[in-house]
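Visitor: Pasted the sequence and its predicted model underneath.
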4 protein chains.
Amino acid sequence: MVVALVGASGRLGSAVNGILKRQHLVFEVDKEGGEYKSLQEIPFEYDIIVDCSCADQSVESTFDALENGIPVVIACTGHTEEQIKKIKECSKIVPVFLSYNMAIGAEVFKEAADLISQRFDSDVHIHEEHHAAKKDAPSGTALSLREVISKNNPKVEISSARGGDVIGNHEVSFFGKNEIIRLSHLAENRNAFAEGICKAAEYLRCCKPGFYDMSDLVEHFPIRSL
Amino acid sequence: MVVALVGASGRLGSAVNGILKRQHLVFEVDKEGGEYKSLQEIPFEYDIIVDCSCADQSVESTFDALENGIPVVIACTGHTEEQIKKIKECSKIVPVFLSYNMAIGAEVFKEAADLISQRFDSDVHIHEEHHAAKKDAPSGTALSLREVISKNNPKVEISSARGGDVIGNHEVSFFGKNEIIRLSHLAENRNAFAEGICKAAEYLRCCKPGFYDMSDLVEHFPIRSL
Amino acid sequence: MVVALVGASGRLGSAVNGILKRQHLVFEVDKEGGEYKSLQEIPFEYDIIVDCSCADQSVESTFDALENGIPVVIACTGHTEEQIKKIKECSKIVPVFLSYNMAIGAEVFKEAADLISQRFDSDVHIHEEHHAAKKDAPSGTALSLREVISKNNPKVEISSARGGDVIGNHEVSFFGKNEIIRLSHLAENRNAFAEGICKAAEYLRCCKPGFYDMSDLVEHFPIRSL
Amino acid sequence: MVVALVGASGRLGSAVNGILKRQHLVFEVDKEGGEYKSLQEIPFEYDIIVDCSCADQSVESTFDALENGIPVVIACTGHTEEQIKKIKECSKIVPVFLSYNMAIGAEVFKEAADLISQRFDSDVHIHEEHHAAKKDAPSGTALSLREVISKNNPKVEISSARGGDVIGNHEVSFFGKNEIIRLSHLAENRNAFAEGICKAAEYLRCCKPGFYDMSDLVEHFPIRSL
């Protein structure tokens, strides 16, 4: 397929580009003179947009997808509620994929945390670790984990560590009576996310209009093909 | 209820006794002159048998349960296939509970390992740790984990460490592409098992004849009451 | 030896008592009518005082030690600077042992953390876990660790988790460039502290007047005898 | 400086090249027609040889270093005792650096393991994890760790896990009485080794003839400059 990759020169965008290029034609879209070149000006037809840039631009990308009647994978974070609302509106007409942790394993990890919190009476603590340059804490993944777990158990705390060049490590500890269950997810490198983004693009291309996230992808794909 | 506790003076039996006594009447049955006193000679009526002794004796206990038409919880390990067959035969007439890890969290842990192995493409490694005096390796729990996981993924290896006074620690590592999920269960002390055994006894008392294990208990009890 | 054990009926005191009793004569001192019975009223001669009660009482115990010209092991926490000053004053006349983590392994753990922070360029994070009932955070051990590490590296953060019945778990993560070193200490049960307290008592009995802590004990004892 | 980098196109060699190039002139030496081009044929003068190829070739590189009177850093593994003997012989005339784990943190990790095993009475277990393609087990680092620890404590066991794309993870567990100390080292990516190799080259250039390893490097460099 032909992919318009927005934010292709960023750290995550480069990793995505490296993987997509093996099997697909990629049109790289990057900032020029401080602004992203309009997707309208791309001289080719493209089948899908993958956006690894930033929240603001991803809304523009979604509008472009809408105009072209093609799907869009949003692989950036930090959207306002207003932006999410706009994106969801578009997803009534074209397929939109949005997830705040694009690693496939992170989704399975979340499902397992959900299961354990339903079944095991415990105090829950989430500890997350990221590289020293990451400014926001707790991470989006930790917040999303807490949201899932707190439906089953209101006693969920989060702590954060920032140091070195950790790509992303999340650990959930379930402190029960006389026993402890721990569950962790480590992203070893950015390809963990890049691979998930590429899978999402391949998956979304065949989807009906709608709002999709990682749970749909994990649900859909038979494990060995992921 | 009135409980006949076989193997009451052993390490696990003592822990079970300590918990049962708070709410129930316990009749302690221990070895006398090298042999377990026949349950037949107990001068009281009892409602249930809990056996924390050994595989051989637990078969006798099951026969006693059969004769008295009462349930039996088997909390020891190391049965031969022949013994399991006999026990299952009895479970057609009376309720029998048998599980090789009586900690409630260990069951939830196994369910989570099952879920992850269904969803996450990975090489799986189980590492288990127990006190220096434990002679058999791998542990029964590790073997049972492998059995569950290998239905979804044949690539499962086990390693074992023996040292200090570790009650029981099991970790499953799912090594995926660019990401790792880990799941572990730590029994902090023997009460982790003792509490599970007492819950099993309370649960089994109201069950119809049949063969039950920890998955039934976890399924049945609403989490906050466990 | 004859030990006056102050706070003998508390959780830690009971554990200490259980171990001391095997080889020594223990005189148990506990609160009566809201106050600790004066050690003066003990009708026996005793060789050493071990105090597992509370900061205030431990100062009294130190004065008693001074009057009797015998050593005192202080195994409680939360002293004010003023109290520490008084205790140190007494240690000019009699041997005094004071450490905020009485587990022998915790001392070795601290020494290893010190070594790593001297040698390995990294961002350091301490994460500590204790049972849900522990109100203060961070733990005294975490604070003391930070003090040691921050001599070599000012970038030390601490986070705390409270849940279940964790006796005490401390992990130090050294996030370097492309590599991570982690070091952790787990107290499996209260005997970890009780054993250290008993060793301290045996050690202190033969010491000259002075102020001693765990580093002296670890330094002194040949490993196999600990 | 001018570096002759042998095995420059391999996975490790590429990583080393990427870092060296930033500050030094690198002459890449790779297999041609199944054989490494003789270093003699290099048309430039070079200051040092760094060999990331294989045991056999590294002996040749050492001979070349000898002929040119320059230092050599050997960053490959699997030497026979005979080869080590030859290399050590050369180190009487020129500086030679050889270490089986070139990550700086791995050396600090080993020193900490040494310290703990001297001080803490325990059963020791080493568990190491590497990517699925690594055929040998246990790893060289695990074997070298055991050698160091077993001087203090003969009770050292090793287990290995192979899976996914783990670059290298080593954990040492010290199972004591009632307490456990754990120490681990994770190489997040190959740059962990490549950085160590480059530091070794810079260090070795100013050394007198002799046989050097990571302990010399860690000893020598003030931490902030590493």
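Guide: Happy to help now that I have it.
Visitor: which stretches of chain A form strands?
Guide: For chain A, applying DSSP state E gives strands covering A:2-6, A:25-29, A:31-32, A:35-36, A:48-51, A:72-74, A:95-98, A:123-130, A:156-162, A:168-175, A:179-187, A:210-212.
Visitor: most packed of these?
Guide: Among the strands of chain A, ranked by average contacts under mean count of other CB atoms under 10 Å in any protein chain shown, first place goes to strand A:72-74 (a mean of 30). C-beta: built from backbone N, CA, C; applies to glycine.
Visitor: hmm, who's touching that strand?
Guide: Strand A:72-74 has contacts (CB atoms under 8 Å, 6 or more residues apart in numbering or on different chains) with A:48-51, A:58, A:61-62, A:64-65, A:87, A:90, A:94-98, A:197, A:200-201, A:204.
Visitor: For it, which strands pair with it and how are they oriented?
Guide: strand A:48-51 (parallel), strand A:95-98 (parallel) (DSSP bridges).
Visitor: could I get the ones you listed as JSON lines with mean pLDDT?
Guide: JSON lines is the format used below for the strands paired with strand A:72-74 (pLDDT from 0 to 100):
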{"stretch": "strand A:48-51", "mean pLDDT": "96"}
{"stretch": "strand A:95-98", "mean pLDDT": "98"}
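Visitor: Of these, which is nearest residue C:44?
Guide: Among the strands paired with strand A:72-74, the nearest to residue C:44 by CB to CB is strand A:95-98 (75.5 Å).
Visitor: Among the strands paired with strand A:72-74, which comes closest to residue A:76?
Guide: Closest approach to residue A:76 among the strands paired with strand A:72-74 (CB to CB): strand A:48-51, 6.3 Å.
Visitor: export that closest one as PDB, just CAs?
Guide: Below are the C-alpha coordinates for strand A:48-51, written out as PDB (Å, rounded to 0.1, in the frame of the first residue of the first chain):
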ATOM      1  CA  ILE A  48      -3.600   5.500   4.400                       C
ATOM      2  CA  ILE A  49      -2.200   8.100   6.700                       C
ATOM      3  CA  VAL A  50       0.100   7.200   9.600                       C
ATOM      4  CA  ASP A  51       0.700  10.200  11.900                       C
END
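Visitor: Check the offset of that strand from the chain's centre.
Guide: In this view, strand A:48-51 has its centroid 13 Å away from the chain centroid, taken as CA atoms, centre = their mean, to the nearest Å.
Visitor: Then stretch A:199-212?
Guide: With CA atoms, centre = their mean as the basis, stretch A:199-212 stands 14 Å off its chain's centre.
Visitor: Likewise for stretch A:165-173?
Guide: For stretch A:165-173, the distance to the chain centre is 16 Å (CA atoms, centre = their mean).
Visitor: got it, and stretch A:67-83?
Guide: Offset of stretch A:67-83 from its chain centre (CA atoms, centre = their mean): 11 Å.
Visitor: Quick check: buried residues in it?
Guide: Within stretch A:67-83, the residues scored as buried using 16 or more other CB atoms under 10 Å in any protein chain shown are A:68, A:70-77, A:79, A:83.
Visitor: got it, and stretch A:33-46?
Guide: Neighbour-count burial for stretch A:33-46 flags A:36, A:39, A:42, A:46 (criterion: 16+ other CB under 10 Å).
Visitor: So for that stretch, mean pLDDT?
Guide: Mean pLDDT, computed over stretch A:33-46, is 75.
Visitor: Establish whether the longest helix seen in chain A and chain D are in contact.
Guide: When chain A is scanned for its longest helix (criterion: DSSP state H), the result is helix A:104-119. No - remark: helix A:104-119 sits outside contact range of chain D, by CB under 8 Å from any CB of the partner chain, the gap being at least 10.3 Å.
Visitor: dump the residue contacts of the closest residue to residue A:86 other than its chain neighbours.
Guide: Once flanking residues are discounted, residue A:86 sits nearest to residue A:59: 5.8 Å by CB to CB, 6 or more residues apart in numbering or on different chains. Contact partners of residue A:59, counting by CB under 8 Å, 6+ apart, are A:79, A:83, A:86-87.
Visitor: Over to residue A:99?
Guide: For residue A:99, the contact set (CB under 8 Å, 6+ apart) comprises A:75, A:107, A:196, A:200, A:213-214.
Visitor: Show the backbone phi and psi for it.
Guide: phi -150, psi 140 (degrees, to the nearest 10).
Visitor: what about it, distance to residue A:73?
Guide: Applying CB to CB, to the nearest Å, the value for residue A:99 to residue A:73 is 9 Å.
Visitor: Please name the residues that touch the nearest residue to residue A:146 once chain neighbours are set aside.
Guide: Once flanking residues are discounted, residue A:146 sits nearest to residue A:156: 4.9 Å by CB to CB, 6+ apart. Residues near residue A:156 by CB under 8 Å, 6+ apart: A:124-126, A:146, A:149-150.
Visitor: okay, those residues in TSV with distance to residue D:12 and pLDDT next?
Guide: Below are these laid out as TSV (distance: CB to CB, whole Å; pLDDT from 0 to 100):
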residue	distance to residue D:12	pLDDT
A:124	41	98
A:125	38	98
A:126	36	98
A:146	40	97
A:149	41	97
A:150	45	97
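Visitor: Can you get me a residue count around residue A:103?
Guide: For residue A:103, the neighbour count with other CB atoms under 10 Å in any protein chain shown is 29.
Visitor: any idea how far residue A:189 is from it?
Guide: 10 Å.
Visitor: contacts for the lowest-mean-pLDDT helix or strand in chain A?
Guide: Lowest on mean pLDDT, DSSP states H and E among the helices and strands of chain A sits strand A:35-36, with a mean of 74. Residues outside strand A:35-36 that contact it (CB under 8 Å, 6+ apart) are A:6-7, A:29-30, A:53, A:57, A:60.
Visitor: Output the set of residues of chain A in proximity to chain C.
Guide: By CB under 8 Å from any CB, the residues of chain A that approach chain C are A:122-125, A:127, A:129, A:132, A:155, A:157, A:159-166, A:173, A:175-178, A:180.
Visitor: quick revisit: kindly indicate which of the contacts of residue A:59 lies nearest chain D.
Guide: residue A:79 (29.5 Å; CB to the nearest CB).
Visitor: is it true that the closest one touches residue A:88?
Guide: No - Residue A:79 is not in contact with residue A:88 according to CB atoms under 8 Å; the separation is 10.5 Å.
Visitor: Give me the domain ranges for chain A.
Guide: A:2-102+A:191-225, A:104-187 (automatic domain parsing).
Visitor: Mind listing the shared neighbours of residue A:103 and residue A:189?
Guide: By CB under 8 Å, 6+ apart, residue A:103 and residue A:189 have these common neighbours: residue B:178.
Visitor: What residues does chain A have near chain D?
Guide: Contact residues, chain A versus chain D (CB under 8 Å from any CB): A:164-167, A:188-189.
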